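Trainee: this one's structure only:
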Ligand code: FAD
């Protein structure tokens, strides 16, 4: 919260909690190296970055607030020029060898499982658009095809085309470590842990990684109308494409895309410690209150109106009148995350439609026809 102090403006948030001067939302202890110097130094032009006294603290706060209103310059701006998105520039037989820049644990100690933010340096050679995915080929041999490499695993890209360092040379992924627990003993069986997600979450700066892609057109951000409404529903790592959209809308200064519409994010995770990029999103709420809404469903901490666990569909139901109105007015709606999220959401939307005297089947087919409905679940 900002408050006026005479002629000075100060912020009542601790300096370290401001998204402008910290690394992406990281919680808990991380024993992995993480280098985000370029992210920090290029993110915003802060004047009094070094804090040595209370006086300077105030100066820093002023700078933060001024800086919050400015967006970050990106380059090379030629990344805006193509009329079509890049597709499959690198294929499984000839992948691009990229380099890991950093791996950061995103979740706190009370989160069930681990999710990591992984920045990959592609040197500008594997360009992509927001909403696309990369393929990753983990090192080693495919157990099902001796002598052959592993199959490609897809990961939604969690950065804009300019990457977290705003120079078009990196891409970021948001990866959940797939861990196998024996259903009988409840113990982890590391021989059955997910190959690629563990490779990525265990990787170190400087490690090489084989990329394919980029792929996918379903989740591209439609930019023909910069004043459009975008309703984004994410569970867990499904947040990845939306982080990219939101950075493009609110963090970056992109000459060809001046967002003036409404972006409404619903994020479903287990608990507060599992929230992903929460500080980034919270800062948009402060800076763009008229253009951004952010609703969190914490299944293990919050209760829905029937006293059950709070899932994203419960949040959707809570705002169903507004959501249906926005859809009728042409809003885009996106879903990303685990496959299991869709049946609950579809049932809720169907129930709401029926309560409104509408046929969900007809509405859905209209939304699909109008290209307002975007789903990428895995
Ligand atoms: P695999 O090695 O493929 O194993 C798969 C599962 O089987 C694991 O849970 C593993 O524990 C289990 N398993 C392994 N061996 C056995 C066994 N013998 N018996 C029983 N179970 C076993 N994931 C993300 O984290 N972030 C993303 O942004 C993301 N985006 C995606 C986008 C798309 C379009 C798609 C299709 C998928 C996306 N995924 C994403 C999922 C990702 O592609 C992988 O499927 C996921 O990371 C698991 O891959 P893995 O190699 O770690 O696991």
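Mentor: Sure thing, it's come through. Worth saying up front: this structure is predicted, and the values here are computed from it rather than measured. Numbers count the residues shown, from 1 in each chain.
Trainee: Nearest residue to whichever residue of the chain sits closest to the ligand in space, please, no chain neighbours.
Mentor: At 2.2 Å from the ligand, residue 194 is the closest residue in the chain, using C-beta to the nearest ligand atom. All C-beta spots, glycine's among them, are computed from the backbone N, C-alpha and C. Spatial nearest neighbour of residue 194, chain neighbours left out: residue 178 (2.6 Å); criterion: C-beta to C-beta, 6 or more residues apart in numbering.
Trainee: Who are the contact partners of residue 158?
Mentor: Neighbouring residues of residue 158 by C-beta atoms under 8 Å, 6 or more residues apart in numbering: 117, 172, 173, 174, 239, 240, 241, 243, 244.
Trainee: switch the cut-off to 6 Å
Mentor: 172, 173, 174, 240, 243 (C-beta atoms under 6 Å, 6 or more residues apart in numbering).
Trainee: With residue 234 instead?
Mentor: Contacts of residue 234 by C-beta under 6 Å, 6+ apart are 242, 267, 336, 337.
Trainee: Look at residue 108 and say how many residues are nearby.
Mentor: The local packing of residue 108 (other C-beta atoms under 10 Å) involves 16 other residues.
Trainee: hang on, isn't it packed against residue 273?
Mentor: Yes - judged on C-beta atoms under 6 Å, residue 108 makes contact with residue 273 at a distance of 3.2 Å.
Trainee: Relative to residue 283, how far out is the residue of the chain closest to the ligand?
Mentor: According to C-beta to C-beta, to the nearest Å, residue 194 stands 32 Å off from residue 283.
Trainee: give me the low-pLDDT residue ranges for the stretch 51-200 of the chain?
Mentor: Scanning the stretch 51-200 of the chain for pLDDT under 70 picks out the ranges 51-69.
Trainee: what's the longest strand in the protein?
Mentor: strand 96-105 (DSSP state E).
Trainee: Would you give the sheet partners of the helix or strand that it is followed by, along with the direction of each?
Mentor: In the C-terminal direction, the helix or strand that comes right after strand 96-105 (DSSP states H and E) is strand 115-121. Taking DSSP bridges as the criterion, strand 115-121 forms sheet pairs with strand 96-105 (antiparallel), strand 170-176 (antiparallel).
Trainee: got CSV for the ones you listed, with distance to residue 133 and mean neighbour count too?
Mentor: Formatted as CSV, the strands paired with strand 115-121 follow (distance: least, C-beta to C-beta, whole Å; neighbours: other C-beta atoms under 10 Å):
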stretch, distance to residue 133, mean neighbour count
strand 96-105, 14, 20
strand 170-176, 9, 25
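Trainee: can you put those in TSV and add distance to the ligand?
Mentor: Below are those laid out as TSV (distance: least, C-beta to the nearest ligand atom, whole Å):
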stretch	distance to the ligand
strand 96-105	13
strand 170-176	4
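Trainee: With distance to residue 156 added, can I get those strands in a markdown table?
Mentor: Shown next, in a markdown table, are these (distance: least, C-beta to C-beta, whole Å):
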| stretch | distance to residue 156 |
| --- | --- |
| strand 96-105 | 16 |
| strand 170-176 | 7 |
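Trainee: Residue 80: which of these is closest?
Mentor: strand 170-176 (16.9 Å; C-beta to C-beta).
Trainee: if we can go back for a sec, okay, residue 194 and residue 283: which has more neighbours?
Mentor: Neighbour count, other C-beta under 10 Å: between residue 194 and residue 283, residue 283 has more, with 21 against 17.
Trainee: Give the next helix or strand downstream of the helix or strand where that one lies.
Mentor: Assigned by DSSP H and E, residue 283 belongs to helix 278-287. Sequence-wise, the next helix or strand downstream of helix 278-287 (DSSP H and E) is strand 292-298.
Trainee: Does anything pack onto that next one? Which helices or strands?
Mentor: strand 262-269, helix 278-287, helix 312-318 (3 or more C-beta pairs under 6 Å, 6 or more residues apart in numbering; DSSP states H and E).
Trainee: how far away is the closest residue to residue 292 other than its chain neighbours from residue 369?
Mentor: Among residues not flanking residue 292 along the chain, residue 284 sits closest, at 4.5 Å (C-beta to C-beta, 6+ apart). As judged by C-beta to C-beta, residue 284 and residue 369 stand 31 Å apart.
Trainee: Of the two, which one has the most company?
Mentor: Between residue 284 and residue 369, residue 284 has the larger neighbour count (other C-beta under 10 Å), namely 22 against 9.
Trainee: from what I can see residue 239 touches residue 278, true?
Mentor: No - using C-beta under 6 Å, residue 239 is not in contact with residue 278, being 9.8 Å away.
Trainee: Neighbour count for these two, which is higher?
Mentor: Using other C-beta under 10 Å as the criterion, residue 239 and residue 278 rank with residue 239 on top: 28 against 19.
Trainee: tell me the SS of the more buried one?
Mentor: helix (DSSP: H, G, I helix; E, B strand; the rest coil).
Trainee: Name the residues of the stretch 201-350 of the chain found near the ligand, please.
Mentor: 237, 240 (C-beta under 6 Å from any ligand atom).
Trainee: quick one on the thing from earlier: neighbour-wise, which one of the contacts of residue 234 leads?
Mentor: The most crowded member of the contacts of residue 234 is residue 242, carrying 28 neighbours; neighbours defined as other C-beta under 10 Å.
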